[in-house]
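Student: Sequence plus the predicted model coming up.
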Amino acid sequence: EPKRKAAFGSVGRRIPDRILHLINHDGESLGNMHRAEALKLMDQHDLKLVLLRANAEPPVYRLMTGQQIHEEQLKRAEKKKASPKAGMYIKELSFSSAIAKNDLETKTKQIAQWIEKKYHVKVTIRQAK
């Protein structure tokens, strides 16, 4: 079964790493520490522990409030929505430079419809013989 990337959110007390790099809720680095110390800080300040970078050595965690987690989830959702999709459609249109006026108007309307649907449009104009 392929490994799925976890959604951004609190990891709670399920921390597989013994040593981790911790960042406080203001963004200041607290350095490397043992998982027990991080959990103690989490409980003292009533914050949640969030994994930022799992592939770093040691992994980077951040103490965040519920509001900060929610805002970060919204930011990531916006970025994902704005980024191009893997199955993005590219429409290609090719016509001659000697195209009739009404044909050109029809094709221009078609291009406008594709752009409204957020398709990428590629137009090629061939030189008439």
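Tutor: In hand now; what should we look at?

Student: How far off centre is the helix or strand hosting V121?
Tutor: With secondary structure defined by DSSP states H and E, V121 is part of strand 120-126. Centre-to-centre, strand 120-126 and its host chain are 30 Å apart (Cα atoms, centre = their mean, to the nearest Å).

Student: burial count for I90?
Tutor: The local packing of I90 (other Cβ atoms under 10 Å) involves 9 other residues. For every residue, glycine as well, the C-beta is placed using N, CA and C.

Student: ugh, wrong one, I meant K48
Tutor: Burial of K48 is recorded as 18 neighbouring residues (other Cβ under 10 Å).

Student: quick one: pLDDT of it?
Tutor: Here, the pLDDT recorded for K48 equals 87.

Student: What of G31?
Tutor: Model confidence at G31, given as pLDDT, is 89.

Student: give the contact list for it.
Tutor: Taking Cβ atoms under 8 Å, 6 or more residues apart in numbering as the contact definition, G31 lies against H21, L22.

Student: That one looks like it's in a strand, true?
Tutor: Yes: counting by DSSP: H, G, I helix; E, B strand; the rest coil, G31 is found in a strand.

Student: tell me how far stretch 66-73 is from the chain's mean position?
Tutor: Here stretch 66-73 is found 15 Å from its chain centre; the criterion is Cα atoms, centre = their mean.

Student: Name the residues of that stretch that are buried.
Tutor: Counting neighbours by 16 or more other Cβ atoms under 10 Å, one finds that the buried residues in stretch 66-73 are I69, E72.
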